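Student: structure for this input, please:
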Amino acid sequence: MKFNYYSIKDKKNYIIKINNDEIHLEEFQKKYIFLLSKYKYNSNNFHNTNYIKKIYKEAILDIIYKTLLKQYVKKLHISLNDSEIKNYIHNNSDFQEKNIFKIEKYYYFLNKENISSNEYIDKIKTYLKIKKFISFISNLIFISKHEKNNLIQSLSQIRIIKIASVPLTKFFKNTIINNKNIINYLKKNNSNLFSIKKYKNNTFLILKKTTYEFNNKPVKLLKTIKLKFQKSLFFSRFDKNKFKKFIFNLPNLKKNKNIYFSIIKNSGDLLLIKFYKTMHIDFSNKQKNVIISQLKKYNLGTILNSILDDLYLKAHISYGNLIDFNNKL
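Tutor: Presented below is the predicted three-dimensional model:
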(Lines give C-alpha, C1' and ligand atoms only; values in the text may rest on other atoms or scores of the structure.)
Protein backbone atom coordinates (compact mmCIF):
# COMPACT_ATOMS: atom_id res chain seq x y z
CA MET A 1 0.00 0.00 0.00
CA LYS A 2 1.13 3.57 -0.67
CA PHE A 3 -0.73 5.10 2.27
CA ASN A 4 0.03 4.69 5.97
CA TYR A 5 -0.65 8.11 7.46
CA TYR A 6 -3.94 9.65 8.47
CA SER A 7 -4.58 12.32 11.15
CA ILE A 8 -3.86 15.86 10.04
CA LYS A 9 -1.46 18.24 11.82
CA ASP A 10 -1.01 21.23 9.49
CA LYS A 11 -4.21 22.48 7.84
CA LYS A 12 -2.37 24.84 5.48
CA ASN A 13 -0.37 22.23 3.61
CA TYR A 14 -1.72 19.53 1.30
CA ILE A 15 -2.40 16.13 2.81
CA ILE A 16 -1.89 14.13 -0.40
CA LYS A 17 -0.15 15.05 -3.64
CA ILE A 18 -1.13 12.90 -6.63
CA ASN A 19 1.22 13.66 -9.52
CA ASN A 20 0.75 17.48 -9.73
CA ASP A 21 -2.62 17.70 -7.96
CA GLU A 22 -2.70 18.63 -4.27
CA ILE A 23 -5.51 17.41 -2.03
CA HIS A 24 -6.21 19.58 1.00
CA LEU A 25 -7.88 18.96 4.33
CA GLU A 26 -11.36 20.14 3.34
CA GLU A 27 -11.71 17.63 0.49
CA PHE A 28 -10.52 14.79 2.70
CA GLN A 29 -12.95 15.78 5.47
CA LYS A 30 -15.91 15.74 3.05
CA LYS A 31 -15.02 12.27 1.85
CA TYR A 32 -14.39 11.02 5.40
CA ILE A 33 -17.76 12.35 6.67
CA PHE A 34 -19.53 10.84 3.66
CA LEU A 35 -18.06 7.40 4.43
CA LEU A 36 -19.01 7.71 8.11
CA SER A 37 -22.63 8.23 7.08
CA LYS A 38 -22.38 5.42 4.52
CA TYR A 39 -21.26 2.94 7.20
CA LYS A 40 -23.80 4.31 9.73
CA TYR A 41 -21.19 5.58 12.15
CA ASN A 42 -22.04 5.63 15.84
CA SER A 43 -20.09 6.77 18.90
CA ASN A 44 -19.30 3.17 19.89
CA ASN A 45 -17.02 2.90 16.85
CA PHE A 46 -14.95 5.94 17.83
CA HIS A 47 -12.53 3.81 19.89
CA ASN A 48 -12.48 0.96 17.39
CA THR A 49 -9.03 1.28 15.79
CA ASN A 50 -9.77 -1.13 12.94
CA TYR A 51 -13.00 0.70 12.08
CA ILE A 52 -11.35 4.14 12.02
CA LYS A 53 -8.40 2.75 10.06
CA LYS A 54 -10.75 1.27 7.47
CA ILE A 55 -12.57 4.59 6.97
CA TYR A 56 -9.31 6.55 6.62
CA LYS A 57 -7.85 4.12 4.12
CA GLU A 58 -11.01 4.00 2.02
CA ALA A 59 -11.29 7.81 2.00
CA ILE A 60 -7.68 8.25 0.88
CA LEU A 61 -7.84 5.52 -1.75
CA ASP A 62 -11.13 6.85 -3.15
CA ILE A 63 -9.65 10.36 -3.46
CA ILE A 64 -6.52 8.99 -5.15
CA TYR A 65 -8.44 6.91 -7.71
CA LYS A 66 -10.88 9.71 -8.57
CA THR A 67 -8.00 12.18 -8.99
CA LEU A 68 -6.13 9.74 -11.24
CA LEU A 69 -9.25 9.25 -13.37
CA LYS A 70 -9.68 13.03 -13.73
CA GLN A 71 -6.05 13.39 -14.78
CA TYR A 72 -6.33 10.54 -17.26
CA VAL A 73 -9.50 11.92 -18.89
CA LYS A 74 -7.92 15.38 -19.29
CA LYS A 75 -5.12 13.83 -21.34
CA LEU A 76 -7.64 12.24 -23.72
CA HIS A 77 -8.78 15.65 -25.04
CA ILE A 78 -12.45 14.74 -24.99
CA SER A 79 -14.40 17.56 -26.62
CA LEU A 80 -17.34 19.37 -25.04
CA ASN A 81 -19.40 22.23 -26.41
CA ASP A 82 -20.90 25.14 -24.46
CA SER A 83 -24.45 23.87 -24.90
CA GLU A 84 -23.64 20.62 -23.03
CA ILE A 85 -22.36 22.57 -20.03
CA LYS A 86 -25.25 25.04 -20.16
CA ASN A 87 -27.82 22.22 -20.35
CA TYR A 88 -26.25 20.46 -17.38
CA ILE A 89 -26.46 23.59 -15.23
CA HIS A 90 -29.99 24.52 -16.36
CA ASN A 91 -31.28 20.96 -15.77
CA ASN A 92 -29.80 20.71 -12.29
CA SER A 93 -32.77 20.50 -9.90
CA ASP A 94 -30.79 22.40 -7.23
CA PHE A 95 -30.98 25.48 -9.44
CA GLN A 96 -34.63 25.14 -10.42
CA GLU A 97 -37.96 26.31 -9.11
CA LYS A 98 -41.02 24.63 -10.59
CA ASN A 99 -38.74 23.09 -13.25
CA ILE A 100 -37.46 26.54 -14.31
CA PHE A 101 -33.80 27.55 -13.94
CA LYS A 102 -33.26 30.33 -11.40
CA ILE A 103 -30.01 32.26 -11.57
CA GLU A 104 -30.43 33.30 -7.92
CA LYS A 105 -30.31 29.68 -6.81
CA TYR A 106 -27.22 29.13 -8.92
CA TYR A 107 -25.38 32.06 -7.29
CA TYR A 108 -26.56 30.99 -3.84
CA PHE A 109 -24.98 27.58 -4.46
CA LEU A 110 -21.68 29.15 -5.57
CA ASN A 111 -21.55 31.38 -2.47
CA LYS A 112 -22.40 28.47 -0.20
CA GLU A 113 -19.63 26.32 -1.72
CA ASN A 114 -17.27 29.31 -1.80
CA ILE A 115 -16.26 28.77 -5.44
CA SER A 116 -16.36 30.93 -8.54
CA SER A 117 -18.51 30.25 -11.57
CA ASN A 118 -15.40 29.35 -13.58
CA GLU A 119 -14.27 26.86 -10.92
CA TYR A 120 -17.68 25.22 -10.91
CA ILE A 121 -17.77 25.05 -14.70
CA ASP A 122 -14.35 23.37 -14.68
CA LYS A 123 -15.76 20.74 -12.32
CA ILE A 124 -18.72 20.20 -14.64
CA LYS A 125 -16.40 19.82 -17.62
CA THR A 126 -14.39 17.16 -15.80
CA TYR A 127 -17.56 15.32 -14.75
CA LEU A 128 -19.03 15.36 -18.27
CA LYS A 129 -15.74 14.20 -19.81
CA ILE A 130 -15.56 11.28 -17.39
CA LYS A 131 -19.18 10.45 -18.22
CA LYS A 132 -18.38 10.48 -21.95
CA PHE A 133 -15.29 8.35 -21.40
CA ILE A 134 -17.23 5.72 -19.41
CA SER A 135 -20.01 5.74 -22.02
CA PHE A 136 -17.41 5.20 -24.75
CA ILE A 137 -15.96 2.15 -22.96
CA SER A 138 -19.44 0.79 -22.24
CA ASN A 139 -20.39 0.99 -25.93
CA LEU A 140 -17.29 -1.01 -26.86
CA ILE A 141 -18.14 -3.90 -24.52
CA PHE A 142 -19.29 -6.91 -26.52
CA ILE A 143 -21.16 -9.76 -24.86
CA SER A 144 -21.49 -12.95 -26.89
CA LYS A 145 -24.74 -14.86 -27.18
CA HIS A 146 -23.09 -17.75 -25.32
CA GLU A 147 -22.23 -15.45 -22.36
CA LYS A 148 -25.77 -14.09 -22.28
CA ASN A 149 -27.36 -17.56 -22.33
CA ASN A 150 -25.03 -18.87 -19.62
CA LEU A 151 -25.78 -15.94 -17.32
CA ILE A 152 -29.54 -16.15 -17.82
CA GLN A 153 -29.45 -19.93 -17.33
CA SER A 154 -27.50 -19.51 -14.10
CA LEU A 155 -29.66 -16.73 -12.64
CA SER A 156 -32.94 -18.39 -13.60
CA GLN A 157 -32.09 -21.56 -11.70
CA ILE A 158 -34.25 -22.71 -8.79
CA ARG A 159 -32.81 -25.50 -6.66
CA ILE A 160 -35.14 -27.76 -4.71
CA ILE A 161 -33.80 -29.48 -1.61
CA LYS A 162 -34.92 -31.42 1.42
CA ILE A 163 -33.31 -31.25 4.85
CA ALA A 164 -33.01 -33.97 7.50
CA SER A 165 -31.56 -33.53 10.96
CA VAL A 166 -28.79 -36.04 11.72
CA PRO A 167 -29.12 -37.57 15.24
CA LEU A 168 -25.51 -38.30 16.22
CA THR A 169 -26.23 -41.09 18.72
CA LYS A 170 -28.45 -42.97 16.28
CA PHE A 171 -26.01 -42.30 13.48
CA PHE A 172 -23.05 -43.97 15.19
CA LYS A 173 -25.21 -46.81 16.50
CA ASN A 174 -26.75 -47.79 13.16
CA THR A 175 -24.44 -46.60 10.41
CA ILE A 176 -22.17 -48.95 8.54
CA ILE A 177 -19.66 -46.13 8.16
CA ASN A 178 -16.94 -46.15 10.81
CA ASN A 179 -13.53 -44.59 11.36
CA LYS A 180 -11.82 -47.45 9.55
CA ASN A 181 -13.87 -46.86 6.40
CA ILE A 182 -13.05 -43.16 6.50
CA ILE A 183 -9.33 -43.70 7.06
CA ASN A 184 -9.17 -46.24 4.22
CA TYR A 185 -10.92 -43.73 1.99
CA LEU A 186 -8.41 -41.04 2.94
CA LYS A 187 -5.47 -43.35 2.29
CA LYS A 188 -6.81 -44.28 -1.15
CA ASN A 189 -7.04 -40.56 -1.96
CA ASN A 190 -3.45 -39.91 -0.86
CA SER A 191 -4.32 -37.86 2.23
CA ASN A 192 -1.39 -37.13 4.53
CA LEU A 193 -1.00 -38.65 8.00
CA PHE A 194 -1.92 -35.37 9.71
CA SER A 195 -5.30 -35.32 7.93
CA ILE A 196 -5.96 -38.94 8.85
CA LYS A 197 -5.17 -38.29 12.52
CA LYS A 198 -7.40 -35.21 12.42
CA TYR A 199 -10.30 -37.25 11.05
CA LYS A 200 -9.86 -39.87 13.75
CA ASN A 201 -10.53 -37.28 16.45
CA ASN A 202 -13.09 -35.00 14.84
CA THR A 203 -16.69 -36.18 14.63
CA PHE A 204 -17.84 -33.43 12.30
CA LEU A 205 -15.05 -34.00 9.79
CA ILE A 206 -15.78 -37.72 9.81
CA LEU A 207 -19.42 -37.02 9.09
CA LYS A 208 -18.45 -34.68 6.28
CA LYS A 209 -16.64 -37.55 4.63
CA THR A 210 -19.74 -39.70 4.83
CA THR A 211 -21.14 -37.38 2.19
CA TYR A 212 -19.06 -39.44 -0.20
CA GLU A 213 -20.90 -42.58 0.92
CA PHE A 214 -24.29 -40.86 0.70
CA ASN A 215 -23.58 -39.92 -2.89
CA ASN A 216 -22.46 -43.41 -3.86
CA LYS A 217 -24.75 -45.69 -1.81
CA PRO A 218 -27.63 -43.41 -0.73
CA VAL A 219 -30.44 -45.99 -0.60
CA LYS A 220 -28.57 -48.45 1.59
CA LEU A 221 -27.24 -45.76 3.92
CA LEU A 222 -30.53 -43.92 4.33
CA LYS A 223 -32.31 -47.16 5.19
CA THR A 224 -29.69 -47.86 7.83
CA ILE A 225 -29.88 -44.43 9.47
CA LYS A 226 -33.63 -43.92 8.89
CA LEU A 227 -33.50 -40.15 8.56
CA LYS A 228 -36.70 -38.15 8.21
CA PHE A 229 -36.66 -35.41 5.57
CA GLN A 230 -38.73 -32.26 5.96
CA LYS A 231 -40.88 -30.80 3.18
CA SER A 232 -39.20 -29.44 0.05
CA LEU A 233 -37.51 -26.04 0.12
CA PHE A 234 -37.05 -23.81 -2.94
CA PHE A 235 -34.04 -21.53 -3.44
CA SER A 236 -33.38 -19.01 -6.19
CA ARG A 237 -30.33 -16.84 -6.93
CA PHE A 238 -32.27 -13.86 -5.62
CA ASP A 239 -33.05 -15.30 -2.17
CA LYS A 240 -31.53 -13.78 0.95
CA ASN A 241 -31.86 -17.04 2.85
CA LYS A 242 -28.70 -17.94 4.80
CA PHE A 243 -28.54 -21.33 3.04
CA LYS A 244 -28.60 -19.83 -0.46
CA LYS A 245 -24.84 -19.52 -0.90
CA PHE A 246 -24.26 -23.06 0.30
CA ILE A 247 -27.05 -24.53 -1.86
CA PHE A 248 -25.73 -22.88 -5.05
CA ASN A 249 -22.19 -24.05 -4.29
CA LEU A 250 -23.36 -27.66 -4.63
CA PRO A 251 -22.50 -29.25 -8.01
CA ASN A 252 -25.14 -29.11 -10.73
CA LEU A 253 -27.20 -32.26 -11.07
CA LYS A 254 -26.23 -34.46 -14.01
CA LYS A 255 -28.26 -36.88 -16.07
CA ASN A 256 -26.53 -39.89 -14.54
CA LYS A 257 -26.68 -38.36 -11.03
CA ASN A 258 -30.08 -36.90 -10.21
CA ILE A 259 -29.51 -36.55 -6.43
CA TYR A 260 -26.68 -34.89 -4.54
CA PHE A 261 -26.16 -35.10 -0.76
CA SER A 262 -24.14 -32.90 1.55
CA ILE A 263 -23.79 -32.46 5.30
CA ILE A 264 -23.57 -29.05 6.95
CA LYS A 265 -23.30 -27.77 10.50
CA ASN A 266 -25.87 -25.20 11.55
CA SER A 267 -26.01 -23.74 15.09
CA GLY A 268 -24.51 -26.91 16.54
CA ASP A 269 -26.78 -29.26 14.60
CA LEU A 270 -25.81 -31.50 11.70
CA LEU A 271 -28.11 -31.36 8.70
CA LEU A 272 -28.21 -33.66 5.71
CA ILE A 273 -29.05 -31.72 2.53
CA LYS A 274 -30.67 -33.62 -0.32
CA PHE A 275 -30.46 -31.63 -3.58
CA TYR A 276 -32.70 -33.48 -6.01
CA LYS A 277 -34.33 -31.13 -8.52
CA THR A 278 -33.64 -28.03 -10.61
CA MET A 279 -36.20 -25.74 -12.22
CA HIS A 280 -35.84 -22.48 -14.15
CA ILE A 281 -37.64 -19.13 -13.99
CA ASP A 282 -39.02 -18.04 -17.34
CA PHE A 283 -37.66 -14.49 -17.59
CA SER A 284 -39.41 -11.93 -19.78
CA ASN A 285 -37.42 -10.11 -22.47
CA LYS A 286 -37.41 -7.00 -20.26
CA GLN A 287 -35.94 -8.98 -17.34
CA LYS A 288 -33.32 -10.53 -19.63
CA ASN A 289 -32.28 -7.07 -20.81
CA VAL A 290 -31.87 -5.93 -17.19
CA ILE A 291 -29.67 -8.96 -16.49
CA ILE A 292 -27.50 -8.27 -19.55
CA SER A 293 -27.15 -4.61 -18.53
CA GLN A 294 -25.89 -5.76 -15.13
CA LEU A 295 -23.32 -7.97 -16.88
CA LYS A 296 -22.19 -4.97 -18.94
CA LYS A 297 -21.86 -2.91 -15.74
CA TYR A 298 -19.76 -5.67 -14.19
CA ASN A 299 -17.50 -5.81 -17.26
CA LEU A 300 -17.28 -2.02 -17.30
CA GLY A 301 -16.27 -2.00 -13.63
CA THR A 302 -13.57 -4.61 -14.33
CA ILE A 303 -12.13 -2.51 -17.19
CA LEU A 304 -12.17 0.72 -15.14
CA ASN A 305 -10.52 -0.98 -12.16
CA SER A 306 -7.81 -2.31 -14.45
CA ILE A 307 -7.15 1.20 -15.83
CA LEU A 308 -7.11 2.75 -12.35
CA ASP A 309 -4.80 0.08 -10.92
CA ASP A 310 -2.36 0.72 -13.76
CA LEU A 311 -2.52 4.50 -13.20
CA TYR A 312 -2.00 3.97 -9.46
CA LEU A 313 1.14 1.90 -9.99
CA LYS A 314 2.63 4.58 -12.26
CA ALA A 315 1.54 7.59 -10.18
CA HIS A 316 3.79 9.76 -8.01
CA ILE A 317 1.98 9.97 -4.68
CA SER A 318 3.32 11.81 -1.65
CA TYR A 319 1.87 12.84 1.69
CA GLY A 320 1.99 16.13 3.56
CA ASN A 321 2.54 16.78 7.24
CA LEU A 322 0.60 13.81 8.61
CA ILE A 323 0.71 11.84 11.83
CA ASP A 324 1.50 8.13 11.65
CA PHE A 325 -1.88 6.52 12.28
CA ASN A 326 -0.49 3.17 13.43
CA ASN A 327 1.79 4.71 16.07
CA LYS A 328 -0.66 7.24 17.45
CA LEU A 329 -3.72 5.07 18.10
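Student: quick one: mean pLDDT for the stretch of helix or strand residue 132 belongs to?
Tutor: According to DSSP states H and E, residue 132 maps onto helix 117-140. Averaging pLDDT along helix 117-140 gives 92.
Student: read off the pLDDT value for residue 20.
Tutor: So, for residue 20, pLDDT stands at 90.
Student: now residue 265
Tutor: 70.
Student: cool, residue 278 as well?
Tutor: pLDDT for residue 278: 91.
Student: show me what it is bridged to.
Tutor: Here residue 278 sits in beta bridges with residue 159, going by DSSP bridges.
Student: re earlier: how far away from the center of its chain is the helix holding residue 132?
Tutor: 26 Å (CA atoms, centre = their mean, to the nearest Å).
Student: and for stretch 312-321?
Tutor: 27 Å.
Student: by contact count, what packs against the helix holding residue 132?
Tutor: The elements that helix 117-140 packs onto, with contact taken as 3 or more CB pairs under 8 Å, 6 or more residues apart in numbering; DSSP states H and E, are helix 49-75, helix 82-90, helix 103-113, helix 285-314. The C-beta positions use only the backbone N, C-alpha and C, and glycine is treated the same way.
Student: would you list these in JSON lines and tack on mean neighbour count, mean pLDDT and distance to residue 251?
Tutor: Listed next are the helices and strands packed on helix 117-140 as JSON lines, based on neighbours: other CB atoms under 10 Å; pLDDT from 0 to 100; distance: least, CB to CB, whole Å:
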{"stretch": "helix 49-75", "mean neighbour count": "17", "mean pLDDT": "88", "distance to residue 251": "36"}
{"stretch": "helix 82-90", "mean neighbour count": "13", "mean pLDDT": "92", "distance to residue 251": "51"}
{"stretch": "helix 103-113", "mean neighbour count": "12", "mean pLDDT": "91", "distance to residue 251": "56"}
{"stretch": "helix 285-314", "mean neighbour count": "13", "mean pLDDT": "92", "distance to residue 251": "23"}
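Student: residue 126: which of those is closest?
Tutor: Checking these against residue 126 by CB to CB gives helix 49-75 as the closest, at 5.3 Å.
Student: now that closest one against helix 285-314, angle please.
Tutor: 90 degrees (axes from the mean of the first three to the mean of the last three CA atoms, to 10 degrees).
Student: could you give me the buried positions within the helix holding residue 132?
Tutor: Residues of helix 117-140 classed as buried by neighbour count (16 or more other CB atoms under 10 Å): 121, 124, 125, 126, 128, 129, 130, 132, 133.
Student: surely residue 264 is within a strand?
Tutor: Yes: under DSSP: H, G, I helix; E, B strand; the rest coil, residue 264 sits within a strand.
Student: what count of nearby residues applies to it?
Tutor: 17 (other CB atoms under 10 Å).
Student: what's the nearest residue to it if we skip its chain neighbours?
Tutor: residue 271 (5.4 Å; CB to CB, 6 or more residues apart in numbering).
Student: cool, residue 259 as well?
Tutor: Per CB to CB, 6+ apart, closest to residue 259 is residue 276, 4.8 Å.
Student: that neighbour in helix, strand or coil?
Tutor: Residue 276 - assigned by three-state DSSP - is strand.
Student: how near is residue 21 to residue 126?
Tutor: 11 Å (CB to CB, to the nearest Å).
Student: anything in contact with each of the two?
Tutor: By CB atoms under 8 Å, 6 or more residues apart in numbering, residue 21 and residue 126 have these common neighbours: residue 70.
Student: skipping adjacent residues, who's closest to residue 277 in space?
Tutor: Using CB to CB, 6+ apart, the closest residue to residue 277 is residue 160 (4.0 Å).
Student: pLDDT at that neighbour, what is it?
Tutor: 94.
Student: what is the neighbour count of it?
Tutor: Neighbour tally, residue 160, other CB under 10 Å: 15.
Student: OK, contacts around residue 94?
Tutor: Here residue 94 is in contact with 105, 109 (CB under 8 Å, 6+ apart).
Student: measure it to residue 108 for me?
Tutor: For residue 94, the distance to residue 108 - CB to CB - is 9 Å.
Student: residue ranges of the strands in the stretch 151-300 of the chain, please?
Tutor: 157-165, 233-236, 260-266, 269-280 (DSSP state E, counting those that start in this stretch).
Student: and the longest one, what's buried?
Tutor: Right, the one you point to is strand 269-280. 270, 271, 272, 273, 274, 275, 276.
Student: out of those residues, which is nearest to residue 292?
Tutor: Nearest member of the buried residues of strand 269-280 to residue 292, counting by CB to CB, is residue 275, at 28.2 Å.
Student: what pLDDT does the residue nearest to the closest one when sequence neighbours are not counted get?
Tutor: Using CB to CB, 6+ apart and skipping the chain neighbours, the partner closest in space to residue 275 is residue 260 (4.5 Å). Residue 260 is assigned 84 on the pLDDT scale.
Student: please apply the same query to residue 212.
Tutor: You'll see residue 212 listed with a pLDDT of 60.
Student: thinking again about what came up before, adding distance to residue 288, write the buried residues of strand 269-280 out as CSV.
Tutor: Shown next, in CSV, are the buried residues of strand 269-280 (distance: CB to CB, whole Å):
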residue, distance to residue 288
270, 40
271, 35
272, 36
273, 30
274, 31
275, 26
276, 28
